[in-house]
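Participant: quick check, what structure comes out for this input:
(one chain, ligands or ions: 1)
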Amino acid sequence: MLRVLRHGFVIVSLTLLTQIGGLAWLLALALRRLLPSSRRLVFLIFFAGIYSVATFITHQVAPLLGRVPLPCFTAESLAVSTPLYCMLNRNFVTPELASAATAFADHMAETFPGTTTLALDANFPFVTGFPLLPHLSHDDGRKLDLALYYEDSDGNFRNGETRSPLGYFAFQHPLAGSPQPCKDRRRFLTLRWDMIWLQPLFPDWDIEPERMREALRWLSNEGHGQGIEKVFIEPHIPARLGMSDGVTRFQGCRAARHDDHIHIQVR
Ligand SMILES: [Zn+2]
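Facilitator: Residues are numbered from 1 along each chain as shown. Prediction:
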């Protein structure tokens, strides 16, 4: 009984994390008797092999069903920030979003030569309505998170780098007097985690204002022509860049903080 519960827990966790991982685990269990040894390490290696093959096949099959993978290994204008997102099958978007994100990244690379735009969490490869946790809305291929552009404390642009290993949770501090609509709100049911304990671990970089301003300007202007309908970011970031209200949208106080990334979505 305990064993069934343990496998159930692993299958649910892998499914929530990677979508196809739970099925790969089930397949590994079904084929276990083919293994030469019953040692746990042998089984884990066997599972890793099945999962890798399933991930490779997924990257070939998902485009036939309407979601394409963002580039994992090329260092062109647009790149997935860490291969981990590709390994976990979290880098899939609709072809329309792929082309909008590429157009955006190309524009940034033309305006600021050599600039790489980094993609963070996108969507899973299959099934509309299957959310990519903890991003509840990333469930249809039309949503993508982009990393902010950073400069270090000496003012050097950190191309292709993020402040935290995953690109998330290293929040930019609002400047004094900037809009902070959630400041005095404390809600129990919220995905707005501040993770104060984590912040000292990240380098003390700031946003790179020129690229950030151009990015938000393009996304909310030319981006419309590419099908981009919403751009979410914390209001204090466009405010400090001197951008007018209404350029971008605020995601609300229940959703995750958006001063560690930009969220875009297409129609
Ligand atoms: Zn998002």
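Participant: from the chain's centroid, how far away is the helix or strand hosting A28?
Facilitator: Using DSSP states H and E, A28 sits within helix 21-30. Relative to its chain's centre, helix 21-30 lies at 25 Å (CA atoms, centre = their mean, to the nearest Å).
Participant: so what does it touch, helix or strand wise?
Facilitator: helix 2-18, helix 40-61 (3 or more CB pairs under 8 Å, 6 or more residues apart in numbering; DSSP states H and E). (C-beta placed from N, C-alpha, C; glycine too.)
Participant: just want the residue of the stretch 51-200 of the chain that's nearest the ion.
Facilitator: Per CB to the ion, the residue of the stretch 51-200 of the chain with the smallest distance to the ion is D145, at 4.2 Å.
Participant: thought that residue was touching H263?
Facilitator: Yes: using CB atoms under 8 Å, D145 is in contact with H263, at 5.4 Å.
Participant: pLDDT below threshold where in the stretch 151-267 of the chain?
Facilitator: Within the stretch 151-267 of the chain, the stretches with pLDDT under 70 are 184-191, 245-247.
Participant: residues from it in reach of the ion?
Facilitator: H263 (CB under 5 Å from the ion).
Participant: for F104, list the residues it contacts.
Facilitator: Each residue near F104 by CB atoms under 8 Å, 6 or more residues apart in numbering is listed here: 78, 117, 146, 215, 218-219, 223, 226, 228, 264.
Participant: so for the protein, the centremost residue is which one?
Facilitator: The residue lying closest to the centre of the chain (CA atoms, centre = their mean) is D121, at 1.7 Å.
Participant: next, L78: phi, psi?
Facilitator: The phi/psi pair for L78 (degrees, to the nearest 10) reads phi -120, psi 130.
Participant: identify the bridge partners of it.
Facilitator: Taking DSSP bridges as the rule, L78 bridges to T117.
Participant: try L132
Facilitator: Here L132 sits in beta bridges with H135, as judged by DSSP bridges.
Participant: D145 versus that one, what's the distance?
Facilitator: Taking CB to CB, to the nearest Å as the measure, L132 falls 10 Å from D145.
Participant: overlap in contacts, the two.
Facilitator: 121-122, 138.
Participant: now the residues you listed in CSV, with pLDDT and distance to F46?
Facilitator: Putting the shared contacts of L132 and D145 into CSV (pLDDT from 0 to 100; distance: CB to CB, whole Å) gives the following:
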residue, pLDDT, distance to F46
D121, 96, 28
A122, 97, 29
H138, 94, 31
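Participant: tell me which of the contacts of F104 fall in strands.
Facilitator: 78, 117, 146, 228, 264 (DSSP state E).
Participant: ok, those residues vs E161, which is closest?
Facilitator: T117 (12.1 Å; CB to CB).
Participant: could you find the closest non-adjacent residue to the residue in the stretch 151-267 of the chain positioned nearest to the ion?
Facilitator: Nearest residue of the stretch 151-267 of the chain to the ion, counting by CB to the ion: H263, 3.4 Å away. The shortest distance from H263 to any non-neighbouring residue, by CB to CB, 6 or more residues apart in numbering, is to F232 (4.0 Å).
Participant: in contact with the residue at the greatest distance from the centre of the chain, which residues?
Facilitator: What lies farthest from the middle of the chain is P36; by CA atoms, centre = their mean that is 39.2 Å. Residues in contact with P36 (CB under 8 Å, 6+ apart) are V42.
Participant: which stretches in this protein count as helices?
Facilitator: Using DSSP state H, the helices of the chain run over 2-18, 21-30, 40-61, 83-87, 95-111, 209-220, 222-225, 236-240.
Participant: can I get these in TSV with distance to Y150?
Facilitator: Listed next are those as TSV, based on distance: least, CB to CB, whole Å:
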stretch	distance to Y150
helix 2-18	27
helix 21-30	31
helix 40-61	29
helix 83-87	18
helix 95-111	14
helix 209-220	9
helix 222-225	21
helix 236-240	12
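Participant: so for F126, which of these sits nearest?
Facilitator: Of the helices of the chain, nearest to F126 by CB to CB is helix 40-61, at 7.9 Å.
Participant: which residues does that closest one contact?
Facilitator: By CB under 8 Å, 6+ apart, helix 40-61 touches 18, 20-21, 23-25, 27-28, 31-32, 35-36, 69, 87, 89, 125-126.
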